[in-house]
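**Student:** here's my sequence, what's the structure:
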Amino acid sequence: MPELLDRLFGKDQRVRGYAMAIVAIAEAEGVLDTVGDELFGFAKAVEQNPKLREAITDRALPVENRRSLVHDILGDRANPATLTAISLLIDAGRARDLGKIAEGVVALSAERHQHAVAEVRSAVPLNDRQRTRLEEALSRATGRTIEAKVVVDPSLVGGVVARVGDLVFDGSIASRLEDAKNALGS
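**Tutor:** Alright, predicted model coming up:
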């Protein structure tokens, strides 16, 4: 596990500490998978929405306003432990690290379950059957049990891009078009 933590966080002990604390609390409450999924989803939403990212990371805004915004967005759809974790990060001035911390929580959770997480970008939402088939294909390719975390990214045009640790599997139409363009010399 030290190698996993070093790969995820490098020398950033604070980010590592927050991820490990969130994992410990969520695990103690029996909601680790839920908190990991919700943190990951919220972090991706923040990453894709510059105004939201600015609103929750702007230290000029009162902490209570930033926490309130998160509660308004997630409301009853998120586990209270997830809301508490995000509030903690806002209070500590670490909201800018939400994505890295969420990745850490998901990876640590996966490590505890003896599987790997694939961050999958797909042009369209995947149904359960498609997700299962993708997880099975990635499992065969990596030799590990895979759990796919899917984020919709219309810029791919079609297909998927999956990242498992340092491995990237690019099956997107956008990359195929780029390859064709390069092959034609344009």
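**Student:** give me the domain ranges for this structure.
**Tutor:** For the chain, the structural domains run 2-110, 115-184, going by automatic domain parsing.
**Student:** first-to-last residue distance for the shortest one?
**Tutor:** End-to-end span of domain 115-184 (CA to CA, to the nearest Å): 41 Å.
**Student:** what mean pLDDT does that domain have?
**Tutor:** For domain 115-184, mean pLDDT is 88.
**Student:** can you pull the pLDDT of the most centrally placed residue in the chain?
**Tutor:** In the chain, the centroid-proximal residue (CA atoms, centre = their mean) is F40; its distance is 3.6 Å. Confidence at F40, expressed as pLDDT, is 93.
**Student:** so for the helix or strand hosting it, what gets flagged as buried?
**Tutor:** F40 is part of helix 32-48 when elements are defined by DSSP states H and E. Buried residues in helix 32-48, defined by neighbour count with 16 or more other CB atoms under 10 Å: 32-44, 46. Backbone N, C-alpha and C define where each C-beta goes, glycine included.
**Student:** check which element follows that helix along the chain.
**Tutor:** helix 50-57.
**Student:** off-centre distance for that next one?
**Tutor:** 17 Å (CA atoms, centre = their mean, to the nearest Å).
**Student:** winner for burial among the domains of the chain?
**Tutor:** domain 2-110 (a mean of 17; mean count of other CB atoms under 10 Å).
**Student:** mind checking the SS state of L61?
**Tutor:** Put simply, L61 is coil when judged by DSSP: H, G, I helix; E, B strand; the rest coil.
**Student:** show me the contacts for it.
**Tutor:** Shown in contact with L61 (CB atoms under 8 Å, 6 or more residues apart in numbering): A55.
**Student:** where's it relative to V70, distance?
**Tutor:** Between L61 and V70 the distance is 12 Å, computed by CB to CB, to the nearest Å.
**Student:** quick one: L89 and D97 touch, right?
**Tutor:** Yes - in this structure, L89 is within contact of D97 by CB atoms under 8 Å, at 7.1 Å.
**Student:** list residues touching both of these two?
**Tutor:** Joint contacts of L89 and D97 (CB under 8 Å, 6+ apart) are Y18.
**Student:** quick one on the thing from earlier: and the buried residues of helix 32-48 as a markdown table, adding distance to L108?
**Tutor:** Output for the buried residues of helix 32-48, formatted as a markdown table (distance: CB to CB, whole Å):
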| residue | distance to L108 |
| --- | --- |
| L32 | 9 |
| D33 | 12 |
| T34 | 14 |
| V35 | 11 |
| G36 | 8 |
| D37 | 13 |
| E38 | 15 |
| L39 | 11 |
| F40 | 12 |
| G41 | 17 |
| F42 | 17 |
| A43 | 15 |
| K44 | 18 |
| V46 | 20 |
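**Student:** ok, so of the residues you listed, who is nearest V164?
**Tutor:** Using CB to CB, F40 comes nearest to V164 of the buried residues of helix 32-48, at 14.7 Å.
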